[in-house]
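>>> I need the structure of the sequence given here:
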Amino acid sequence: MHVDVLDLRNFYYRTQLGRVAQRALRDQVLAIWPADGAGATGRTVAGFGFTAPLLRPYLENARRVISLMPAPQGVMPWPAGEPNVSVLTEELQWPLETGLVDRLVVMHAIEQSDNANDLLEECWRVMGPGGRALLIVPNRAGLWAPRETTPFGFGKPYTLSQLDNLARRNGFVPERHTAALYIPPSHRRFWLRSAQMWEGVGQKISGLLAAGVVMLEVSKQVTQPRKPGLGARVRRPLSILEGAAKPATEPSWRINHGRGGNVTHHRLTDH
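Residues are numbered from 1 along each chain as shown. The predicted structure is shown next:
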């Protein structure tokens, strides 16, 4: 079940907890793919699910930014006050050419999909050679997944190893991982005001603190295409008649039945 786009918009843009979460997530995305460097400059950057809060820094330097929103979730125009780059799409049939995308962010999508493997296949299809994707899912061991007061409390949460296995099964190579949202999903002022401090502490001792989300960067693995038929050549094929006597090289014989059933043999000769 997908969270409605209006609920996502209201959380990220109209609540203080949502704005804190937006900043924490975006800081980690920018740490992996800087907006003004080789991470995105001149590249096609796309997002699937609800990734608008994370894509805004790339609008200035990227060659193209595309925000794909699945039909069960719904779509909203984005960015506000600028030419729209938001597109409503089927979950498994994106209106993008094969190999178009250089950088892809996926959030509020994998955990809510009934076809996670097929979804990652579509991610793989639209990514070009050397493309990278950032998969963001609720952390099964975190404090955010069990609470339905935020968008991360819906769907199937993952551990890092589960997300890693899912990516590998669908042709991706895990490159690095990180995490975010180390504060509880609480609207209390103490947590909101100290959120940045907790994010910094969590990045240093992430093995001790359970983050709200897991973030896995993967690259597209392109394997050598296989030719149809036998996969390997047989260096010394085994003949079906191997070991059988070879036919005589002498000329053929003609058999005549004479009178009384006597058999005579005549060698055929050339004329």
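>>> when you work out contacts or count neighbours from here on, use the C-alpha atoms and nothing else.
Noted.
>>> what ranges does this structure have for its helices?
Assigned by DSSP state H, the helices in the chain fall at 5-14, 16-32, 52-55, 116-126, 160-169, 189-193, 195-204.
>>> so what's Ile110 closest to, chain neighbours aside?
Of all residues not flanking Ile110 in the chain, Ala116 sits nearest, at 5.7 Å (Cα to Cα, 6 or more residues apart in numbering).
>>> likewise Phe11?
Nearest residue to Phe11, sequence neighbours excluded (Cα to Cα, 6+ apart): Gly18, at 5.0 Å.
>>> could you report the neighbour count for that neighbour?
For Gly18, the neighbour count with other Cα atoms under 10 Å is 21.
>>> any idea how far Leu181 is from it?
In this view, Gly18 and Leu181 are 11 Å apart by Cα to Cα, to the nearest Å.
>>> tell me who's in contact with Arg19.
Arg19 is in contact with 11-13, counting by Cα atoms under 8 Å, 6 or more residues apart in numbering.
>>> coming back round to it: tell me the most buried of the helices of the chain?
helix 52-55 (a mean of 22; mean count of other Cα atoms under 10 Å).
>>> let me see the backbone angles for Glu82.
When read as degrees, to the nearest 10, the backbone of Glu82 gives phi -130, psi 170.
>>> in the protein, which ranges drop under the pLDDT threshold?
Along the chain, segments meeting pLDDT under 70 span 206-208, 223-271.
>>> list the contacts for the residue at minimal distance from the centre of it?
Centroid-nearest residue in the chain: Leu120, 3.8 Å away (criterion: Cα atoms, centre = their mean). Residues counted as contacts of Leu120 (Cα under 8 Å, 6+ apart) are 167, 170.
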